[in-house]
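Chemist: Need a 3D model of the sequence below.
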Amino acid sequence: MKRTLFSALFTLFAICSNAFTINGKVTDAGVPVPYTSIYVKENPQNGTISDLKGVFSLDDVNAGQTLVVSFIGYKTMDIKLKKAPKDTLRIGLVEQPILLQEASVNSKNKKLSHKKQMKLMIADVRRQMERDFPDSTNVRYNVNSDYGVYNSDEVVAIEDLGGDIVEMTGRGKDKKDIIQMRINWITRYRDAHTQRNYERLDSTLKKSTNAKLVHYADSSRWVHKFLWGSGIKSGFDRFSDHPNRWDVEERDSVVVFSYTESRNYIGIVKGNLVLSFFLDPITYRVLKQSQQLQVDVNIPFGYKLTKEQIQMLNTIVIGVQFDKYRVKRAHVDIKRNILYTSYPDDRYGVKEKNVITNIHIEDRRRKKPIDFKQTGSIKVNSAQFGVRPFPKAEEMARYPLTLKPKPE
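Modeler: The predicted model follows:
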């Protein structure tokens, strides 16, 4: 027994001591292929991806193991390692015949290599999203949601609620997502000034014939549904037709796949959007999503707010009551994060969403600047898959409301 145990330990020690590091480079007809997945077949957790020059390094590899090299649009390669390579391991990928016309690289179109790689990676990430977030599955999330509004560091309003959100992916018009929210309870603080303006605003909007403004009448439901937003696929598809605006980098053992867009409308409105997906390096499953939008507005003669817009502005500004306001300059900065997790029965879904918005507004004479901040988060307690939608009456049912004092 002791001899058998000793032999097993000796064998294990010999295997560990013979582990080596592989340095390699992946190319296609001599052109580097970045973002290629390389992992050990016998131990899939031991993997990496090639960098922008097609170069990679992989530790703890043993003789007799097999390297799996894969990238969408190319044949997957299995490389049996009899011993440690003496030099850099050079791997030449072979394109899949069905994609030759679209994806081939020659001396005349090497400059299109980045666009080609991004198109292929967009397709690969989208396929994984289809596996993780199928259109045929409605998901009900039991959540705790909160938001706060602050004006010049003073608390304007804070609200917490418990409820259920049903996300129906691709079920709406033009395959848009449908989001339902049933509120079970709410605790709320609003300062007296803000509460009076909310009541005045709700009364005005309920009488309004403008359908868009009526949504604000039930402010709680609208705000928390807005915090949740739409599903991951609809947001991704909105930008997938522009491969040149995407880029990839490896960061802290994940692949960061990012979309960047800047807009400038004759100097009046300037905007910058960065949308990042943090991916598992082997499967390209989305682990986290990050969004940042910055907008600067400079209107030469100012923009006069309507009566309804003035009322909405007055609900979030403490100590001032505006009868009129002409916006000259504005700056908006929105940061949003979404975390995903695995649920029982190999299901995948949302774990948490959070957002921070900072807004600065100046009037034409720059005498009445307004600064306010909004924060919000939605934490998922549990998830059910394959559920039915809420009946409309159940979704709109009344909920218990508890008023709370101003936070310390």
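
Chemist: next one: stretch 225-238 to chain centre, how far?
Modeler: Using C-alpha atoms, centre = their mean, to the nearest Å, the mean C-alpha position of stretch 225-238 is found 8 Å from that of the whole chain.

Chemist: what's the span of that stretch, first residue to last?
Modeler: 20 Å (C-alpha to C-alpha, to the nearest Å).

Chemist: which residues touch it?
Modeler: Residues outside stretch 225-238 that contact it (C-beta atoms under 8 Å, 6 or more residues apart in numbering): 125-126, 129-130, 133, 145, 147, 165, 167, 169-170, 175-177, 179, 181, 275, 277, 286, 289, 336, 338, 340, 353, 355, 376-378. No exception for glycine: its C-beta is placed from N, CA and C like everyone else's.

Chemist: buried residues in it?
Modeler: Buried residues in stretch 225-238, defined by neighbour count with 16 or more other C-beta atoms under 10 Å: 225, 227-229, 231-236.

Chemist: Could you identify the buried members of the contacts of stretch 225-238?
Modeler: By neighbour count, with 16+ other C-beta under 10 Å, those hold 125, 129, 133, 145, 147, 165, 167, 169-170, 177, 179, 181, 275, 277, 286, 289, 336, 338, 340, 353, 355, 376-378 as buried.

Chemist: re earlier: and the furthest pair within the buried residues of stretch 225-238?
Modeler: Using C-beta to C-beta, these span at most 20.1 Å, a distance reached by K225 and F236.

Chemist: ranges for the strands of the stretch 51-200 of the chain?
Modeler: Counting by DSSP state E, counting those that start in this stretch, the stretch 51-200 of the chain has strands at residues 55-61, 66-70, 77-80, 89-92, 139-151, 154-168, 178-190.

Chemist: Setting aside sequence neighbours, what's the nearest residue to E261?
Modeler: With C-beta to C-beta, 6 or more residues apart in numbering as the criterion, E261 has its nearest non-adjacent residue at 4.8 Å, and that residue is L273.

Chemist: so when I look at the one you found, I'm seeing a helix, right?
Modeler: No - counting by DSSP: H, G, I helix; E, B strand; the rest coil, L273 falls outside a helix, being strand.

Chemist: circling back to that earlier point, which ones among the buried ones among the contacts of stretch 225-238 map onto helices?
Modeler: Among these, the ones falling in helices (DSSP state H) are 125, 129.

Chemist: May I ask which helix or strand of the chain has the lowest mean pLDDT?
Modeler: Across the helices and strands of the chain, mean pLDDT, DSSP states H and E gives its lowest value to helix 100-103, namely a mean of 32.

Chemist: now the stretch 51-200 of the chain, which segments are flagged as low pLDDT?
Modeler: For the stretch 51-200 of the chain, applying pLDDT under 70 flags the ranges 52, 72-73, 96-112.

Chemist: Could you check how far stretch 374-394 is from the centre of its chain?
Modeler: With C-alpha atoms, centre = their mean as the basis, stretch 374-394 stands 18 Å off its chain's centre.

Chemist: how long is stretch 394-405 from one end to the other?
Modeler: Start-to-end, stretch 394-405 (C-alpha to C-alpha) is 30 Å.

Chemist: Go through that stretch and flag the buried ones.
Modeler: Those would be E395, for stretch 394-405 by 16+ other C-beta under 10 Å.

Chemist: For the stretch 301-408 of the chain, just list every one of the strands.
Modeler: 326-343, 347-363, 370-385, 401-403.

Chemist: Indicate which one of these is closest to E395.
Modeler: strand 370-385 (16.0 Å).

Chemist: Please point out which parts of the closest one sit buried.
Modeler: 370, 372-378, 380, 383.

Chemist: Remind me what that strand packs against, helices and strands.
Modeler: Judged by 3 or more C-beta pairs under 8 Å, 6 or more residues apart in numbering; DSSP states H and E, strand 370-385 is in contact with strand 139-151, helix 219-228, strand 347-363.

Chemist: Now do it and strand 347-363, the angle between them.
Modeler: Counting by axes from the mean of the first three to the mean of the last three C-alpha atoms, to 10 degrees, strand 370-385 lies at 170 degrees to strand 347-363.
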